[in-house]
Structures are given as structure tokens and as C-alpha cells.
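**Q** sequence and computational prediction follow.
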Amino acid sequence: MDTAPGVRACWDLDAYFATCPSRTVLTAIADKWTCLLVDALRDGPLRFGELRRRLDGITQKSLTKTLRDMERDGMLTRTVYPTIPPKVSYELTDLGHSVTELMAGIKSWSEQHADEIVTARERYDSQTRQEVQPVTTTPR
């Protein structure tokens, strides 16, 4: 049975195909907050407030959503301790630890090449501003 061009069952997990479930995994791990959370948690469990202070600029809403998504994906565990107020900590699972080197590499590469990227963006933006602008005419 033939399938429509570009569509086929994803039995061999090929992320180039739209129907492949690995695309949802790529979406999850390609998120900047996921990358930074994995790296922040690589050395052990941290509490919500510690994570929020560590990830400067993350909102409470984004942190909560990313932690929930990572827990749903099996990348971390959430432990609630029976104290008043309740103490909650987050820790990477074996699956979460399996991606720490990749995330650390992405973070490191980003830090090492930030100046080059910013310079390239500025050069590009400057060139596009200098390109020919549309000619406007005055009404008769």
C-alpha cells in the first residue's frame, strides 16, 4: 500500500518524518529551560526556590511548567517531604542523567560562542537595514 508523499509509519523512529514520536522528545529537550534545569540538577536534588534562584530570569509559571513536563517525561522525580511547610525537591532520574552531558555541552557551546553569534546578528541586522528600501512616491 502506497502512502502519500512525505508520510509514512514511523517504525524506525526517524525524526525527519512528521509522524515520528521522537519529534515530541526533541521539542521537550530543545527547550532552553529544560536544558538549564538538567544541568542545574546534574549534581543532585534542589528545591523549587533554589532552582528559581539558579535560573535567573525564569518565571514561577515557566519553572513550574517545565518541572511538570520533565516529571511527565520521566526525566525527574518530585519528592514531597511531610514537613510544615511542605518541603519539595526535584532530582533527575536515570533517564534525566542520561542527557546531562548533551545539555552541558549545549550550554557550554552557547557560552563559548555567544560573542560570535551576537556579532553575526549585529552584522546581519546592519546589512539588512542598508539594503535597498522601497521608493515612495508623493501623491499627485
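**A** Yes, it's here.
**Q** most centrally placed residue in the chain?
**A** Nearest to the geometric centre of the chain sits residue 31, at 1.2 Å (Cα atoms, centre = their mean).
**Q** you'd agree that one is up against residue 67?
**A** No - taking Cβ atoms under 8 Å as the definition, residue 31 is not a contact partner of residue 67, at 11.9 Å. In short, each C-beta sits where N, CA and C put it, glycine included.
**Q** how far is stretch 61-71 from where the chain is centred?
**A** Put simply, stretch 61-71 sits 11 Å off its chain's centre (Cα atoms, centre = their mean, to the nearest Å).
**Q** can you list contacts of that stretch?
**A** 28, 31, 33-34, 37-38, 48, 51-52, 55, 58, 76-78, 90, 96 (Cβ atoms under 8 Å, 6 or more residues apart in numbering).
**Q** scan those residues and report the most crowded one.
**A** Within these, most neighbours by other Cβ atoms under 10 Å means residue 37, with 27 neighbours.
**Q** isn't that one right up against residue 52?
**A** No - using Cβ under 8 Å, residue 37 is not in contact with residue 52; the gap is 10.8 Å.
**Q** does residue 41 really touch residue 92, like I thought?
**A** Yes - look at residue 41 against residue 92 with Cβ under 8 Å: they come within range, at 4.8 Å.
**Q** what are the buried residues along the host helix or strand of residue 120?
**A** Residue 120 is part of helix 100-130, with elements assigned from DSSP states H and E. Buried residues in helix 100-130, defined by neighbour count with 16 or more other Cβ atoms under 10 Å: 103, 106, 107.
**Q** not counting its neighbours along the chain, what's nearest the first one?
**A** In space, and not counting its chain neighbours, residue 103 is closest to residue 38: 4.3 Å by Cβ to Cβ, 6 or more residues apart in numbering.
**Q** now swap in the last one and tell me
**A** For residue 107, the nearest residue in space outside its immediate sequence neighbours is residue 39; the separation is 5.3 Å by Cβ to Cβ, 6+ apart.
**Q** fine by me, thanks again.
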